[in-house]
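Peer 1: pasting the sequence and the predicted model now:
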Amino acid sequence: RLSRDDRKNFIELFYAIAKGDGKRAGELLIEKSRITRCVCPEKFINEIEMLVEKSVSGGLKLSNLQIGQLIGTVMRLCTKYQVKLESNFTSVLLSIEILEGIGKSLDPEIDILSAALPFMVKGKLEKN
């Protein structure tokens, strides 16, 4: 179970990605990292921004997304730029990767944003 802070951080990141705001997603990954040793924050943020833009350009239907590939790329970028993710957050990412396969087999046309929007709004409201 995620702590309140972990849940808030995850919702903020997912919200930024869903809006196509890769710059904010990169900033959040650095801000929320346990140990901030990012060797080149500007390059890291730029690469995350390009990755998000490329990933969400086709929409957020499971059939259009390669979530496992996206998560793998984020993890590689975090390693490359020495951005240390919280272990709870990493566990959530791995769970999402597993759920991608289940979701695609059940309904590849589901729009993740539409399905997650009520939870994101509730999380944003709880934040305030």
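Peer 2: Here it is on my side, so go on.

Peer 1: for this protein, which spans come out with low pLDDT?
Peer 2: Along the chain, the parts satisfying pLDDT under 70 run over 1, 58-65, 99-100, 104, 112-114, 117, 120, 123-128.

Peer 1: top helix in the chain by residue count?
Peer 2: helix 87-106 (DSSP state H).

Peer 1: show me what contacts the closest residue to Thr90 other than its chain neighbours?
Peer 2: Distances taken as C-beta to C-beta, 6 or more residues apart in numbering place Met75 nearest to Thr90, at 7.9 Å, with adjacent residues excluded. C-beta coordinates here come from the backbone N, C-alpha and C atoms, glycine included. Shown in contact with Met75 (C-beta atoms under 8 Å, 6 or more residues apart in numbering): Leu85, Thr90, Leu93.

Peer 1: over to Glu27?
Peer 2: Counting by C-beta under 8 Å, 6+ apart, Glu27 has contacts Ile45.

Peer 1: helices along the chain, start to end?
Peer 2: 4-18, 22-31, 41-56, 67-80, 87-106, 112-127.

Peer 1: tell me how many other residues crowd Ser3.
Peer 2: Around Ser3 sit 10 other residues, with neighbours defined as other C-beta atoms under 10 Å.

Peer 1: er, Ile35 I mean
Peer 2: Neighbour tally, Ile35, other C-beta under 10 Å: 9.

Peer 1: ok, and the closest non-adjacent residue to it?
Peer 2: Using C-beta to C-beta, 6+ apart, the nearest residue to Ile35 is Lys84, at 4.4 Å.

Peer 1: one step back: most tightly surrounded among the helices of the chain?
Peer 2: helix 22-31 (a mean of 20; mean count of other C-beta atoms under 10 Å).
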